[in-house]
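# how would this look folded up:
(2 chains)
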Amino acid sequence: GESVGLHLPTLSVQEGDNSIINCAYSNSASDYFIWYKQESGKGPQFIIDIRSNMDKRQGQRVTVLLNKTVKHLSLQIAATQPGDSAVYFCAESWGLGSYGKLTFGQGTILTVHP
Amino acid sequence: NAGVTQTPKFLVLKTGQSMTLQCAQDMNHEYMSWYRQDPGMGLRLIHYSVGAGITDQGEVPNGYNVSRSTTEDFPLRLLSAAPSQTSVYFCASSYGGLTNQPQHFGDGTRLSIL
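A predicted model of the protein is given here:
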């Protein structure tokens, strides 16, 4: 409901710590997942994606884990920096011919303290 | 390389006015989409296009029209602005084909309806 949407989950960490942001997705048929970072006043910025035939994928300082059994996705950020402070969204898509359509999660606010 | 460009960045309309939000991409992407983002929430799909001349409805299409006469441009038209359409609007694009690719977003148009 609207009250849920106004209170995003938050995560506060110290600079240098590792961060883990979680996402529960809705559709068991989803086969493509993306993490986006959104800074204030900006559009979502692509971080990393993963397809359903994988359970882990690594990028630069980031790792995405996919657990299809419990429909759970996580984003791990290593050595978190103040510049990582933002809202993080997971998004899912399903099926051939999904034409780029994405269903977004609510978002998590990450705050990194120097 | 400009990526996805949205204009205007800010807009104030009166109830009942009509207006077109512009979106252009220079990456030769086939797929383009419009999303809206309400405070504290993820993005919701309004309309999408899989190529020039082809558009379809997303999750929240009512009150909006789109057209796609060229690969580069995908304007969103508000037919008769209502206060419920106060939101931030994002345009996105991605490569086509049946294998999902990341959507790339513009920096949004912040719209207020009085």
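# what's around residue 69, how many residues?
Let's take chain A. With neighbours defined by other CB atoms under 10 Å in any protein chain shown, the count for A:Thr69 comes to 8. Any C-beta I mention is one placed from the backbone N, CA and C, and that applies to glycine too.
# Switch to chain B, please.
10.
# and the gap between B:His104 and A:Ser12?
29 Å (CB to CB, to the nearest Å).
# More neighbours: which of these two?
B:His104 (19 against 12).
# B:Thr15: what's it in contact with?
Taking CB atoms under 8 Å, 6 or more residues apart in numbering or on different chains as the criterion, B:Thr15 is in contact with B:Ala81, B:Ala82, B:Pro83, B:Ile113, B:Leu114.
# ok, so of those residues, who is nearest A:Gly95?
B:Ala82 (32.7 Å; CB to CB).
# Quick check: end-to-end length of stretch B:38-47?
This stretch, stretch B:38-47, spans 16 Å end to end (CA to CA, to the nearest Å).
# ok, B:His29 - contacts?
B:Thr71, B:Ser93, B:Ser94, B:Tyr95, B:Gly96, B:His104.
# now swap in A:Gly107 and tell me
The contact partners of A:Gly107, taken as CB under 8 Å, 6+ apart, are A:Leu8, A:Pro9, A:Gln38, A:Val87, A:Tyr88, A:Phe89, B:Gly40, B:Met41, B:Gly42.
# could you redo the last one with a cut-off of 7 Å?
A:Leu8, A:Val87, A:Tyr88, A:Phe89, B:Gly42 (CB atoms under 7 Å, 6 or more residues apart in numbering or on different chains).
# what do you get for B:Ile46?
Contacts of B:Ile46 (CB under 7 Å, 6+ apart): B:Trp34, B:Tyr35, B:Arg36, B:Gly58, B:Val60, B:Pro61, B:Tyr64, B:Leu76.
# And it, how close does it get to A:Glu92?
Distance from B:Ile46 to A:Glu92, by CB to CB: 18 Å.
# repeat for B:Tyr48
When B:Tyr48 is compared with A:Glu92 (using CB to CB), they lie 15 Å apart.
# Likewise for B:Asp56?
In terms of CB to CB, B:Asp56 sits 19 Å off from A:Glu92.
# Same question for B:Gln103.
12 Å.
# which residues are in contact with both of the two?
Common neighbours of B:Gln103 and A:Glu92 (criterion: CB under 7 Å, 6+ apart): A:Leu102.
# Neighbour count for these two, which is higher?
B:Gln103 (29 against 24).
# wait, isn't that one in contact with B:Ala92?
Yes - applying CB atoms under 7 Å as the test, B:Gln103 and B:Ala92 come out as touching, 4.1 Å apart.
# so what sits against both of the two?
B:Ser33.
# Which helix or strand lies directly C-terminal to the helix or strand of chain A with the lowest mean pLDDT?
Every helix and strand of chain A was ranked by mean pLDDT, DSSP states H and E. The lowest is helix A:2-6, at a mean of 39. Per DSSP states H and E, helix A:2-6 leads on to strand A:10-14 as the next helix or strand towards the C-terminus.
# mean confidence score for that following strand?
Averaging pLDDT along strand A:10-14 gives 95.
# got the buried residues for that strand?
Across strand A:10-14, burial judged by 16 or more other CB atoms under 10 Å in any protein chain shown covers A:Leu11, A:Val13.
# Show me which positions of the helix or strand that comes right after it end up buried.
Of the helices and strands lying after strand A:10-14 in sequence (DSSP H and E), the nearest is strand A:19-24. Residues A:Ser19, A:Ile21, A:Cys23 are the ones in strand A:19-24 that count as buried (16+ other CB under 10 Å).
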